[in-house]
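# Sequence and predicted structure below; questions after.
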Amino acid sequence: MNTQATLQQMQKLHLTGMASAYESILKLPADAHPDTHECIGTVIDAEWQHRNFTKSQMLLRLSKLRYKASLQDIIYNSERNIKKESIALMSDCSFIERAQNVIITGATGSGKSFLACALGNQACLHAYRTLYFNMNRFTEQLSLAKLQGTYIKWLNQLKKLISSFWMTSDYSSSTKMQNLLYYKCSKTGMIINLPSSSRNSL
């Protein structure tokens, strides 16, 4: 089998990353071609990277994050009370596996939602399915699930996600939300934005 036929078969098998890497190798001068083992390792790694990238981009689209934010975009200063060390500890998203929650407090306009979206973006890059809700949309989905008789099923789906909520202090203290948090957080993590009287800090 010639190299062009091999390349075409990779493309038919939807091995996009592998095909792209193999095509790049074929364009190299003959004396620069890697040996068999190195070539196999290169094309497999390329396919792995391509699939991870494709999955993370799909998760980002489905997450419906409010802002296009990343951890690298976060501004650290004393006024905002955000520490690099704290963000670094969350950057590997291990808090999700430990079913721990992140609660962000601060005044309106202080960047709570941006920070939540940055953490959500990081979760997508680590292959965690993420979903962003504001409280209005969340309560609508909750009410709809109850009307359709799919409330428990919907909660079970929510348990598989890392969710970011924005809520008012009245709702956050309600028994309904407390029950939901107990149910939701038994399996995975949650990012919650809460308003506070502080004008600057998070």
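That came through fine.

# Number of residues surrounding A127?
11 (other CB atoms under 10 Å). (Each C-beta comes from the backbone N, C-alpha and C, glycine too.)

# ok, now which ones touch Q122?
Counting by CB atoms under 8 Å, 6 or more residues apart in numbering, Q122 touches 70-71, 90-91, 93.

# Now T130: phi and psi?
phi -130, psi 140 (degrees, to the nearest 10).

# So what pairs up with it in the strands?
Following DSSP bridges, T130 is listed with bridge partners I162.

# now it: how far from C117?
10 Å (CB to CB, to the nearest Å).

# Of these two, which one has the most company?
Just comparing T130 and C117: by other CB under 10 Å the higher neighbour count belongs to T130, 26 against 23.

# Hmm, that one is touching S63, no?
Yes - between T130 and S63 there is a contact at 4.2 Å, judged by CB atoms under 8 Å.

# Could you tell me which residues touch both of the two?
Counting by CB under 8 Å, 6+ apart, the contacts common to T130 and S63 are 120, 124.

# residues in contact with K153?
Per CB under 8 Å, 6+ apart, neighbours of K153: A145.

# Could you tell me the backbone phi and psi angles at E85?
Dihedral pair for E85: phi -60, psi -40, per degrees, to the nearest 10.

# Just give me the neighbour total for it.
7.
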